[in-house]
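Novice: Compute the structure for the input listed below.
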Amino acid sequence: MAVPPGKIWRVNRRPRFTLLELGEYMVADDKQRETMRRNLKYERISRSLIYSKLHQAVSSFLASPVRDRSVLARCRAMIETERDTAESPQRRDNAIYALRSLDQFEASLNALPIAGLVIERAPLAHPHIIHGVRVSIQPTVLVRVNRPRGAPLRGAIAVDLAKGDTPKSEAIKARMTQAMTYSAMLLHEHVGNSVIGDGERSSPDHCQVFHSHRQELVCSPTNYRRDLANMEASCRTAAALWQDIEPPASFDPALAIYRN
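Specialist: Residues are numbered from 1 along each chain as shown. Predicted structure coming up:
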């Protein structure tokens, strides 16, 4: 969806979450959930554009047969040009954030166990509707594991390129890991419902969320039916509350675009 010049807000008339956002929502307390709902309904467009080119480059790099670093080098050059020619401080800052994330991703590659995997780019996924909430479960790449015996295994990897906060306690760290676990569950559901072909099996061990800044990898658990039911209940509540969410004080309707 092209953004008209001068527009800085995108108002989502219906609830939308990404794979990673829904994981974070599930571990948030009531006050944090309220803030997340407001930020997701009244969305700052600049925030959603920071990592778009970087995500595409990371996907292409991981799916390249020899992990071709020139893919990342071209991405770096493109973002550096955007930084140097930015017409506003916001655009320059966005480019700087993306370059820092690219640095972190390249530094974290040894922590991402991809040796021996058949990796391919993930086609654009159709959104999942979970009790009135549109959830974008878009993996960075798809994974296939060919075995001498037994059905081939399928999985997916979602790379979180955002820097985020460094956990200041073990409790906060555990909550961040649990958020990634919820997202990995959704990946496993996506692979089982939309990716596997005849004779293939969805593998929870290969449905992974990787946070490049923290160099943390989380796989989907095998048994998560209770957690999935809790997620569905949370989506049902978010959908019921969506229409009554008040805009932030800085919101200007004249600077907004709207989408269903």
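Novice: could you pull out the helices for the stretch 151-260 of the chain?
Specialist: Using DSSP state H, counting those that start in this stretch, the helices of the stretch 151-260 of the chain run over residues 170-190, 225-241.
Novice: Mean neighbour count, these: which tops it?
Specialist: helix 170-190 (a mean of 20; mean count of other Cβ atoms under 10 Å). All C-beta atoms are positioned from the backbone trio N, CA, C, and that covers glycine.
Novice: What residues of stretch 208-228 count as buried?
Specialist: Within stretch 208-228, the residues that qualify as buried by neighbour count (16 or more other Cβ atoms under 10 Å) are 208-214, 216-220, 224.
Novice: which residues are in contact with stretch 246-260?
Specialist: Taking contacts as Cβ atoms under 8 Å, 6 or more residues apart in numbering, the residues outside stretch 246-260 that touch it are 1, 3-4, 6-14, 38, 41-42, 45.
Novice: out of these, which are buried?
Specialist: Under a neighbour-count criterion of 16+ other Cβ under 10 Å, the subset of these counted as buried comprises 8, 9, 10, 12, 41, 42, 45.
Novice: tally of neighbours for the nearest residue to the first one once chain neighbours are set aside?
Specialist: So the one you mean is residue 8. Residue nearest to residue 8 in three dimensions, not counting chain neighbours: residue 255, with 5.0 Å by Cβ to Cβ, 6 or more residues apart in numbering. Neighbouring residues of residue 255 were enumerated by other Cβ atoms under 10 Å; the total is 13.
Novice: Then the one 4 residues further on?
Specialist: Neighbours of residue 259 under the rule other Cβ under 10 Å: 11.
Novice: Just grab the bridge partners of it for me.
Specialist: With DSSP bridges as the criterion, the beta-bridge partners of residue 259 are residue 12.
Novice: Which pLDDT value goes with it?
Specialist: Confidence at residue 259, expressed as pLDDT, is 93.
Novice: just residue 167 next, same as before
Specialist: Residue 167 is assigned 77 on the pLDDT scale.
Novice: Identify the residues contacting it.
Specialist: Contact partners of residue 167, counting by Cβ under 8 Å, 6+ apart, are 173, 176, 214.
Novice: go with 6 Å
Specialist: Contacts of residue 167 were listed using Cβ atoms under 6 Å, 6 or more residues apart in numbering, and they are 173, 176.
Novice: and it, what are its phi and psi?
Specialist: Here the main-chain torsion angles of residue 167 (degrees, to the nearest 10) amount to phi -60, psi 130.
Novice: How about residue 9?
Specialist: Torsion angles at residue 9 (phi, psi; degrees, to the nearest 10) stand at phi -120, psi 150.
Novice: Leaving out chain neighbours, which residue sits closest to it?
Specialist: Counting by Cβ to Cβ, 6+ apart, residue 256 is the residue found nearest to residue 9 once chain neighbours are left out, at 3.9 Å.
Novice: do you know how far the one you found is from residue 10?
Specialist: As for residue 256, its distance to residue 10 is 7 Å (criterion: Cβ to Cβ, to the nearest Å).
Novice: try residue 198
Specialist: For residue 198, the distance to residue 10 (Cβ to Cβ) stands at 40 Å.
Novice: can you check residue 259 too?
Specialist: As it turns out, when the distance is counted by Cβ to Cβ, residue 259 lies 7 Å from residue 10.
Novice: Now find how far off-centre the host helix or strand of residue 99 is within its chain.
Specialist: Assigned by DSSP states H and E, residue 99 belongs to helix 89-107. Average the C-alpha atoms of helix 89-107, do the same for its chain, and the two points are 17 Å apart (Cα atoms, centre = their mean, to the nearest Å).
Novice: and what of stretch 31-51?
Specialist: For stretch 31-51, the separation from the chain centroid amounts to 13 Å (computed by Cα atoms, centre = their mean).
Novice: Endpoints of that stretch, how far apart?
Specialist: Stretch 31-51 has an end-to-end distance of 27 Å (Cα to Cα, to the nearest Å).
Novice: start the count at 185, not 1, going forward
Specialist: Noted, 185 is the first residue going forward, which turns the last one into stretch 215-235.
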